[in-house]
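# Sequence and computational prediction follow.
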Amino acid sequence: MTPLDSAPDRDWFKSSRSANNANCVEVRFAADAVGVRDSKDRSGPALAFGAVAWTGFVTTLKAGPTLRT
C-alpha cells in the first residue's frame, strides 16, 4: 500500500469546474508524488506521478490541443 492508497478522502479534490455527475478525476498532492484517481471508483487504484512528470502533464494540458503527426 502506498501513501496515496491510504489517504483519507478529504485529502483528494477535483476541479471546481467539475459537474456533479462524478465523471471526473480527483487529485491529491503528497510529499513525493501527485495522485490521480477516478472519482467514480474511489477505492480503486490511483496513478502516481513524480513532480517532473506532473509538471509536464499540466504544462501540456494548458497548451491546448495539438496535432500529432
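Good, I have the coordinates. Since the model is a prediction, treat every value here as computed from it, not as a measurement.

# all strands for this protein, in order.
25-29, 34-38, 47-49 (DSSP state E).

# most neighbours per residue, which of these?
strand 34-38 (a mean of 19; mean count of other CB atoms under 10 Å). Backbone N, C-alpha and C define where each C-beta goes, glycine included.

# Not counting its own residues, what contacts that one?
4, 7, 12, 25-29, 44-51, 54 (CB atoms under 8 Å, 6 or more residues apart in numbering).

# Direction-wise, compare it with strand 25-29 and give the angle.
160 degrees (axes from the mean of the first three to the mean of the last three CA atoms, to 10 degrees).

# Strand 34-38 - which strands sit beside it in the sheet, and in what orientation?
strand 25-29 (antiparallel), strand 47-49 (antiparallel) (DSSP bridges).

# Redo the ones you listed as CSV? Include distance to residue 63 and mean pLDDT.
Putting these into CSV (distance: least, CB to CB, whole Å; pLDDT from 0 to 100) gives the following:
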stretch, distance to residue 63, mean pLDDT
strand 25-29, 19, 91
strand 47-49, 17, 92
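
# of all those strands, which lies closest to residue 65?
Among the strands paired with strand 34-38, strand 25-29 comes nearest to residue 65, with 18.4 Å by CB to CB.

# of all the strands paired with strand 34-38, which lies closest to residue 64?
strand 25-29 (18.6 Å).

# quick one: contacts for residue 25?
Neighbours of residue 25 in contact, by CB under 8 Å, 6+ apart: 14, 36, 37, 38, 39.

# Nearest spatial neighbour of residue 27, chain-adjacent residues omitted?
Once flanking residues are discounted, residue 27 sits nearest to residue 36: 5.7 Å by CB to CB, 6 or more residues apart in numbering.
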